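Colleague: my questions concern the predicted model and sequence given below.
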Amino acid sequence: MSDKTYPPSSELVANAHVDAAKYEEMYAASIKDPEGFWNEHGKRVDWIKPFTKVKNVNYDFGNVSIKWFEDGSLNVAANCIDRHLATRGDQTAIIWEPDDPTDEAQHITYNELHENVCKMANVFKNLGIGKGDRVVIYLPMIPEAAYAMLACARIGAIHSIVFAGFSPDALGARINGCDAKLVITADTAPRGGRRTKLKDNVNQALLHDTDDVKCLVVKRTGDQIAWRSNDDYWLHEELEKVDADCPPAEMNAEDPLFILYTSGSTGQPKGVVHTTGGYLVWASMTHEITFDYHDGDIFWCTADVGWVTGHSYIVYGPLANGATTLMFEGVPTYPDAGRFWAVCEKHKVNQFYTAPTAIRALMGQGTEFVEKYDLSDLKVLGTVGEPINPEAWNWYNEVVGKGNCPIVDTWWQTETGGHMMTPLPGAHATKPGSAMKPFFGVEPVVLEPTSGEEIHEYPTEGVLCMKDSWPGQMRTVWGDHERFQKTYFSDYKGYYFAGDGCRRDEDGDYWITGRVDDVINVSGHRMGTAEVESALVAHSKVAEAAVVGYPHDIKGQGIYCYVTLMSGEEPSDDLRKELRTWVRQEIGPIAAPDLIQWAPGLPKTRSGKIMRRILRKIAENDYGSLGDTSTLADPSVVDELIENRMNRD
Ligand code: ATP
Ligand code: MG
């Protein structure tokens, strides 16, 4: 790990919402007096009926119950739209950048957003949707996806977004999982120059449906589609029947806002439930402070709205703050590997937020794709989704940020609603690969994995848990409160257990070491697989690596590495030796790989995370029972890996 720290520029510090002193002061206040702190900051959103109770939380296994602002009422859509109209009705709320760069971008003002959302809400009502009903959104990254989310929020319906890359089976399971009354989709979806047949997928997903689920279709491309029966509707036809008058419904702070399935990188996806008041406070506050967002800035989060990152940092957080948020329909490599940077230049993006998987992929393509573009408007860069290797961090910092843009490495989960640990741009000198500090109100603890005892001293390493609740915390697993309690509150009693391991360094800064399951024990030495992966990726011929443990007669566990080489590099036994020597030198002899398998591709979820549980099975030579693979982006990768597996005893 690098010892080097990267302090923000004095100019940035001077303008920042939160500098070092303010962070210390606010953080201390948030922990010492959470009631007082959230009583004040809960007011950053507009309440119809102001709350008088701030927090009511029970973490005891068997009785877990989490409530924030429980006697207040509000409407999320009114907070994201209506309250801005008087001052910023003509300001752009959403910039939409289409898949094909030669198609025209759209600028949607807050006034237009208001009209579009109200009309869509009235269409939903006409289709029989009301408070508490579930609506599945299966749309590409088009403005209608944001309208649909906000239209649900406006009338108190609960949305469940299913990423448009998911198969009919995965979609069907999610429609049934929440008994949705309505699915909104598009005819077909262009992405990276190809087209996905969304409406066809819905038809397949609903083939055996007996509940008369209605389907509303956005005409995105005009491609030919098959109609089911009289339960299908064109959105544009329904819009002609409604006006733009739709008063926002009064919702209790604890009414569900949405259900969202986790990405499933460790197991069966869980239907995470977020509620109205606490979630909005958390999403808007973290958006403003983590990215140091200022009025007039252009904010771009490259996630899909099908993931929680898209919920909190494309739609709810930015719009609650009256921001201009960019929504991108395409992929980072179409028409070429310069697309992200072309879009940054074109729309003068100030804050850019993406995932390590995208950074690593673009890094492998060379710097010329970045250097072609003027990125001088960038102020803050962000990353989320996986631990970021120092190699990728440095590339992001130097090549994209030109050393001038603090990188916020934000650690959080679908379950947490928003950022939990991250450096703040004007407050902290960053360290490549460290999530640094807890956000306000977050009280992380490091536990000894087997005894569950809190470790107070540092440096140290162990299991990451949260001592207390925060407003954005998930409230339950949809339809299965038992599973909620079992997953998060049973292993370490009295804490929220995130499933991740971490290290707290000598300065008290946090480093996420990956999933607890990804810690391996080699001859009595515990290490995070992420560390070995980082060492491998630091080699000039390696594009990507995934490391898992496998049973080893002598060492207990051996180190099994899947390595993807840079394009143009040839695999060879000499290169295997070279990589083994390299990791020895980088980390130490204990971390030397036992087996290295060349992997042209790695099994990833559709959100781009490596599914290590599958790699573990293959490494253990136990590939017969791979478990749920429905969220894999490309299942054929797995067959290739099984065929060429290295451990065949
Ligand atoms: P499932 O819970 O179904 O297995 P998932 O955990 O991949 O899926 P998400 O909620 O999308 O679903 O991901 C959260 C996880 O992503 C975290 O628990 C952590 O392991 C990882 N993660 C997110 N951000 C970071 C980060 N900045 N650094 C390290 N790890 C991160
Ligand atoms: Mg998870």
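Modeller: Sure, I can see it. Numbering: from 1, shown residues only. Ligands and ions are numbered 1, 2, ... in the order given.
Colleague: spell out which parts of this structure neighbour ligand 1.
Modeller: Applying C-beta under 6 Å from any ligand atom, one finds that the chain approaches ligand 1 through 262-267, 269, 384-387, 409-414, 435, 498-500, 512, 515, 609. (Each C-beta comes from the backbone N, C-alpha and C, glycine too.)
Colleague: only whichever of those are buried, select them in PyMOL.
Modeller: The buried subset of the residues of the chain next to ligand 1, as determined by 16 or more other C-beta atoms under 10 Å, is captured in PyMOL by this line:
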select buried, resi 262+263+264+265+266+269+384+385+386+387+409+410+411+412+413+414+435+498+499+500+512+515+609
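Colleague: so of the residues of the chain next to ligand 1, which ones are in strands?
Modeller: The strands, defined by DSSP state E, take in 409, 498, 499, 500, 512, 515 from the residues of the chain next to ligand 1.
Colleague: I figured the fourth one was touching residue 515, is that so?
Modeller: Yes. The pair residue 500 and residue 515 qualifies as a contact (C-beta atoms under 8 Å) at a distance of 5.9 Å.
Colleague: from the ones in strands among the residues of the chain next to ligand 1, which is closest to ligand 1?
Modeller: Using C-beta to the nearest ligand atom, residue 512 comes nearest to ligand 1 of those, at 3.7 Å.
Colleague: what's across from the closest one in the sheet?
Modeller: As for beta bridges, residue 512 partners with residue 502 under DSSP bridges.
Colleague: contacting residues around it?
Modeller: 387, 411, 421, 435, 464, 500, 501, 502, 530 (C-beta atoms under 8 Å, 6 or more residues apart in numbering).
Colleague: and the nearest residue to the fifth one once chain neighbours are set aside, how many residues sit next to it?
Modeller: Think residue 464. Among residues not flanking residue 464 along the chain, residue 502 sits closest, at 4.2 Å (C-beta to C-beta, 6 or more residues apart in numbering). Close neighbours of residue 502, defined as other C-beta atoms under 10 Å, add up to 26.
Colleague: list the residues that contact residue 502.
Modeller: By C-beta under 8 Å, 6+ apart, the contact set of residue 502 is 444, 446, 461, 462, 463, 464, 510, 511, 512, 513.
Colleague: redo those as JSON lines? Include pLDDT.
Modeller: What follows is those, written out as JSON lines (pLDDT from 0 to 100):
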{"residue": "444", "pLDDT": "98"}
{"residue": "446", "pLDDT": "97"}
{"residue": "461", "pLDDT": "92"}
{"residue": "462", "pLDDT": "93"}
{"residue": "463", "pLDDT": "95"}
{"residue": "464", "pLDDT": "97"}
{"residue": "510", "pLDDT": "97"}
{"residue": "511", "pLDDT": "95"}
{"residue": "512", "pLDDT": "93"}
{"residue": "513", "pLDDT": "87"}
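Colleague: for the residues you listed, which one is nearest residue 311?
Modeller: When these are compared for distance to residue 311 (C-beta to C-beta), residue 512 wins out at 21.3 Å.
Colleague: what residues are up against the residue nearest to residue 539 when sequence neighbours are not counted?
Modeller: Residue nearest to residue 539 in three dimensions, not counting chain neighbours: residue 582, with 5.3 Å by C-beta to C-beta, 6+ apart. Contact partners of residue 582, counting by C-beta under 8 Å, 6+ apart, are 535, 536, 539.
Colleague: and the helix or strand where residue 582 lies, average pLDDT?
Modeller: For residue 582, the element it lies in under DSSP states H and E is helix 573-586. Averaged over helix 573-586, pLDDT sits at 95.
Colleague: enumerate the positions of stretch 417-436 that are buried.
Modeller: In terms of neighbour count (16+ other C-beta under 10 Å), stretch 417-436 has its buried residues at 417-428, 430-436.
Colleague: mind checking which of those residues land in strands?
Modeller: The members of the buried residues of stretch 417-436 all map outside strands under DSSP E.
Colleague: not counting sequence-adjacent ones, nearest residue to the closest residue to ligand 1 within the stretch 101-250 of the chain?
Modeller: Of all residues in the stretch 101-250 of the chain, the one sitting closest to ligand 1 is residue 163 (11.1 Å; C-beta to the nearest ligand atom). Leaving aside its sequence neighbours, residue 163 sits nearest to residue 306 (C-beta to C-beta, 6+ apart; 2.9 Å).
Colleague: I'd guess the one you found is in a helix, am I close?
Modeller: No. Secondary structure of residue 306 (DSSP: H, G, I helix; E, B strand; the rest coil): coil, not part of a helix.
Colleague: do I have it right that it meets residue 162?
Modeller: Yes. Using C-beta under 8 Å, residue 306 is in contact with residue 162, at 6.5 Å.
Colleague: contacts for stretch 226-245, please.
Modeller: Against stretch 226-245 from outside (C-beta under 8 Å, 6+ apart): 114-115, 118-120, 122-123, 126-127, 144, 184, 199-200, 203, 206, 212-219.
Colleague: now list the buried members of the residues you listed.
Modeller: 114-115, 118-120, 122-123, 127, 144, 184, 199-200, 203, 206, 213-218.
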